[in-house]
Structures are given as C-alpha cells and as structure tokens.
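Colleague: give me a 3D structure for the following:
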Amino acid sequence: MTDIDSFGRDPQVRYMRRIFASLEAAQDRFLASAKISPVDGRLRQVRVEALKLFERSWVAILQRTNAAADDIAPDIYLICLGRVLGRSGFTVPEDLLPQRSDLKKLVDEALA
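Modeller: Below is the predicted model of the structure:
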C-alpha cells in the first residue's frame, strides 16, 4: 500500500508547519543564548504552558494588528516562553527577549 501524505500537501498545513518550525528555531536560539539546557527536565512543563499562552494570545493579536502571522509568531511565542520560564524559577535575560512593547502589551491584554 502506498502512503500518500495528501494532508501534508495542503497549503494551510504547510503554512502551520512553517510557523511551528519558526517557533522551534526561535526557542532553540533563545535557550542556547540564555544558557538553559534543552534537556532540563523542567522545560517540558514550561513548553506546554508557553504553548497554551501562545495559542490564547496569537489569534487575538492577529485580529488586532496588520502584521503577517509568520512575522510576529516567533516574537509572541518568545514573550510567552519568557514569562513562563520566569514563573518557573529560571533566570530570563530580558535583553534576549523580543523588545516589542507593542506585542508585549497585546499579549498582556489577550491573557488578561
């Protein structure tokens, strides 16, 4: 039997895969720069919580801005990740997080 990934050819699926690949790449760069081991056991729960915050805020932010989703998704995710890391006891260097006060404000509003 031939297994054809017709789902993977769907343009929306391909688009979302690119978005999530960009989130993973941004997260990897951030963790390396912050000197946080990617195998730290605490990161599993941090990633779950950061993704929940991202999902709650991303759609709301997209409705309120003209920016392209793939342009701002990594910044929104890193803002959410930084917040969860800080609440989980990690030291989060603020200078490594996106310096986008507009997005930080929108994340705060979406999560309120």
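
Colleague: show me what secondary structure element comes after the worst-scoring helix or strand of the chain on mean pLDDT.
Modeller: Using mean pLDDT, DSSP states H and E, helix 6-9 stands out as the lowest-scoring helix or strand of the chain, at a mean of 72. Scanning forward in sequence from helix 6-9 by DSSP states H and E, the next helix or strand is helix 11-33.

Colleague: gap between that next one and the chain center?
Modeller: Centroid separation for helix 11-33 versus its chain: 8 Å, with C-alpha atoms, centre = their mean, to the nearest Å.

Colleague: what residues of the following helix or strand past it count as buried?
Modeller: Next in sequence after helix 11-33, counting helices and strands by DSSP H and E, comes helix 43-64. By neighbour count on 16 or more other C-beta atoms under 10 Å, the buried set for helix 43-64 is 43, 46, 49-51, 53-54, 57-58, 61-62. In short, each C-beta sits where N, CA and C put it, glycine included.

Colleague: quick check: angle from helix 43-64 to helix 11-33?
Modeller: 130 degrees (axes from the mean of the first three to the mean of the last three C-alpha atoms, to 10 degrees).

Colleague: elements contacting helix 43-64?
Modeller: helix 11-33, helix 69-87, helix 101-111 (3 or more C-beta pairs under 8 Å, 6 or more residues apart in numbering; DSSP states H and E).

Colleague: quick one, which of the ones you listed is nearest to Asp95?
Modeller: helix 11-33 (9.4 Å; C-beta to C-beta).

Colleague: next, the angle from the closest one to helix 69-87.
Modeller: Using the same axes, to 10 degrees: helix 11-33 against helix 69-87 is 40 degrees.

Colleague: pull out the buried residues from helix 11-33.
Modeller: Applying 16+ other C-beta under 10 Å to helix 11-33 flags 19, 23, 26-27, 30-31 as buried.

Colleague: with that, I have no additional questions.
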